[in-house]
Structures are given as C-alpha cells and as structure tokens.
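*Asks:* let me see the structure of the following:
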Amino acid sequence: MPSPLLPVYQIADFLGVDLGPVPFSVQLLEHMGPSWLRTPHRHGFYEILWITQGYSQQVIDYEEYQVAPGSLFIISPGQVHLIEPSAQLAGFCVRFTEEFFLLDQPSAPILAELSYLDNPAVTPTLPLPPGPATKLRTLLELLLSEFAQPAPAEPVLRALLLVLLTEIQRLYAGRQPAAAGAHAQGQFKAFRRLVEAHFAEHLAVADYASRLHLTPRHLNRLVQAVAACTASDVIRRRTVLEARRLLTFSALTVGQIAEQVGFADSSYFTRYFGREVGQAPLEYRQQMSEKYRI
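*Replies:* Next up is the predicted model:
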C-alpha cells in the first residue's frame, strides 16, 4: 500500500469549506493566493491546471515541468505534487473525484476511457494551441459561472466537465499514438489498482493476470497497448516510486524501507534501487533533502 507520509489533501482542504455531497470545485488561480501548498503532497482527487499567465515550476512524481502560459497539467490521485508559488500565475484549477461521476451512473465509465488519467506512461502536461484553448476557456468559464451559483446544479457541472475531459482526450489523441480501446483502458486501470494494493508483495505478472481473469500474455499485450511498456515495468516502477517517497519523506533506515517495499535483503534492495534510479538510496535521500529543503 502507498505510504501515509505525505499529506493527502481532499478538495475541501483547498477551499476551507465543507463541499457537502459535491466533490468538485473550479477556481481561478489568481484568486487562490501564493500560499497554496509550498511542500510536496498528494491528492485524493483529479486536478486540471490550465495556465494562462505567469511562469513557475511544477513537480509531478519527481519529474520537473516548466509552468508557462498555455500549458495544461493533469494530476491524478496519489501522485506526488509540488508547484512553486508565484503571485504572477493566472489560469484555471478544476478538481473532481471519481465519486462525482459515480453519482451519475451513465457518466461513470468515462474515467476508464480517458487515456491521460491514472496512466504514468502519458505525460501529464500538454501545450494548448489557440483554437482548442478558446474552446477550453469557454467551457471553464461556464463551469466557473455555474459553480458560483448559490445552488450549483450538479447535472450541469457534470455535463460541462464531461465535455471538458472529452476535449482534452481529443488533444492527447492528436499528439500521441492511437489510444487503446475503452475496454483495454478499463482493464489497464483495474491492473493499476491491483498493483497499487499489492506491489510490496512482489507478485508475479501471472498472479495479477489471474486476478483479472486474463492470461499473462493478454495482460502484457493490453499494458503495451495502453502504456507502451510491460506489466513488469508497471509493477517495478510503482515499487521504485514508493521507495523514492520513503527515502524523501521519512526517517526510516534503508533497511526499513527495503522491508516496506517487500525486500527481505537490504543489500539486494540497494542494488535494485541503484539499477533503477542510478543512485544509491542514501545518495538519493541527500539529493532530495537538499532539493525540497526537508
């Protein structure tokens, strides 16, 4: 299971109010103030950031991205996230949960069909050309207007958000190889949920395939189609990500971290981590401590 070391924020934590049964929000970045999260954290929701003005830097699962006008960012639940505050930033921030869609059953399958959500193989940032940017601005302004109503209509918010997500999918489809079908997307995300729950157990690909009622060959084929890697790659990357999180945000020893991520032998873990990351665990910890001032 993922470590609880990093704070996990819900949508209401950013607004300072109880959202009640509507796990959704949309805000202008320029109205959020410069203090919205100066430290690494995780989300319990999806977040879409569209920058219309200003420059900064953003970290998503340890990869650094430049924040500039016209850039769109997608952050999925559980990803480590940090954005350098800047008073000059302007744009839109949309936050929503899976539950927001589950309230309306006909809409629920769409999250499984979107290739850019919960998919580590897809870059979380996308530059918006002028035409699509105009369309997205219109949708975001409509969302802002509805959300600002004394009693926002959930069906309207959900419908507008569905259109927004679909438009973003079209942009991704135009920049990347043809996406796998909706069924494969759904199976891949089911596999990812299993990996999230069991990566520290070091289960074989065959074990995951069996739980999904697939053959190992079929599982590898669909992972290749969706994420352009093997099932073993997905498992290995999740294990390494957890080790990186623990090295960065905990005081656990290397031996304790090795045990947390399923290695009985800390020496083997050190070799494994070095092979995957290119640094020894303690060297990596020192670098992250200096980088994030921990």
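
*Asks:* need the helix or strand of the chain with the lowest average pLDDT.
*Replies:* Lowest by mean pLDDT, DSSP states H and E among the helices and strands of the chain is helix 110-113, with a mean of 72.

*Asks:* what distance separates it from the centre of its chain?
*Replies:* With C-alpha atoms, centre = their mean, to the nearest Å as the basis, helix 110-113 stands 15 Å off its chain's centre.

*Asks:* low-scoring stretches of the stretch 51-200 of the chain, by residue?
*Replies:* 102-109, 112, 174-182 (pLDDT under 70).

*Asks:* all strands for it, in order.
*Replies:* Taking DSSP state E, counting those that start in this stretch, the strands of the stretch 51-200 of the chain run over residues 56-60, 63-67, 71-75, 80-83, 90-96, 125-127.

*Asks:* which among the ones you listed is found nearest to S210?
*Replies:* strand 80-83 (30.7 Å; C-beta to C-beta). Quick note: C-beta positions are derived from backbone N, CA and C, even for glycine.

*Asks:* contacts for that closest one next, please.
*Replies:* Strand 80-83 has contacts (C-beta atoms under 8 Å, 6 or more residues apart in numbering) with 6, 37, 39-43, 47, 49, 56-62, 67, 75, 245, 292.

*Asks:* can you put the strands of the stretch 51-200 of the chain in CSV and add mean neighbour count and distance to L117?
*Replies:* Supplementary listing: these in CSV, determined by neighbours: other C-beta atoms under 10 Å; distance: least, C-beta to C-beta, whole Å:
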stretch, mean neighbour count, distance to L117
strand 56-60, 17, 13
strand 63-67, 14, 17
strand 71-75, 22, 7
strand 80-83, 20, 15
strand 90-96, 22, 11
strand 125-127, 17, 13
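
*Asks:* nearest to E30, out of the ones you listed?
*Replies:* Of all the strands of the stretch 51-200 of the chain, it is strand 90-96 that lies closest to E30, at 4.4 Å by C-beta to C-beta.

*Asks:* what helices or strands is the closest one leaning on?
*Replies:* helix 11-15, strand 24-28, strand 46-53, helix 130-147, helix 154-175 (3 or more C-beta pairs under 8 Å, 6 or more residues apart in numbering; DSSP states H and E).

*Asks:* now the fourth one, how far from the centre of its chain.
*Replies:* By that I understand helix 130-147. On C-alpha atoms, centre = their mean, the centre of helix 130-147 falls 22 Å from that of its chain.

*Asks:* C-alpha coordinates for it, PDB please?
*Replies:* What follows is helix 130-147, C-alpha atoms only, in PDB (Å, rounded to 0.1, in the frame of the first residue of the first chain):
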ATOM      1  CA  PRO A 130      -5.000  28.800 -29.900                       C
ATOM      2  CA  GLY A 131      -8.100  27.000 -31.300                       C
ATOM      3  CA  PRO A 132      -8.600  24.400 -28.600                       C
ATOM      4  CA  ALA A 133      -7.500  27.000 -25.900                       C
ATOM      5  CA  THR A 134     -10.500  29.200 -26.900                       C
ATOM      6  CA  LYS A 135     -12.900  26.200 -26.600                       C
ATOM      7  CA  LEU A 136     -11.500  25.200 -23.200                       C
ATOM      8  CA  ARG A 137     -11.700  28.700 -21.900                       C
ATOM      9  CA  THR A 138     -15.400  28.800 -22.800                       C
ATOM     10  CA  LEU A 139     -16.000  25.500 -21.000                       C
ATOM     11  CA  LEU A 140     -14.000  26.600 -17.900                       C
ATOM     12  CA  GLU A 141     -15.800  30.000 -17.700                       C
ATOM     13  CA  LEU A 142     -19.200  28.100 -17.900                       C
ATOM     14  CA  LEU A 143     -18.100  25.900 -15.100                       C
ATOM     15  CA  LEU A 144     -17.000  28.900 -13.000                       C
ATOM     16  CA  SER A 145     -20.300  30.600 -13.600                       C
ATOM     17  CA  GLU A 146     -22.300  27.500 -12.600                       C
ATOM     18  CA  PHE A 147     -20.200  26.700  -9.600                       C
END
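
*Asks:* report all helices and strands that that helix contacts.
*Replies:* strand 24-28, strand 46-53, strand 90-96, helix 154-175.

*Asks:* nearest the geometric middle of the chain, what residue?
*Replies:* S76 (2.4 Å; C-alpha atoms, centre = their mean).

*Asks:* residues contacting that residue?
*Replies:* So S76 contacts H43, Y46, L117, D118, N119, P124 (C-beta under 8 Å, 6+ apart).

*Asks:* what's the farthest-apart pair in those residues?
*Replies:* Farthest pair in these, by C-beta to C-beta: H43 and N119, 15.8 Å.

*Asks:* ok, now how distant is the residue lying closest to I51 once chain neighbours are set aside from A151?
*Replies:* Distances taken as C-beta to C-beta, 6 or more residues apart in numbering place G91 nearest to I51, at 4.4 Å, with adjacent residues excluded. Counting by C-beta to C-beta, to the nearest Å, the separation of G91 from A151 is 26 Å.
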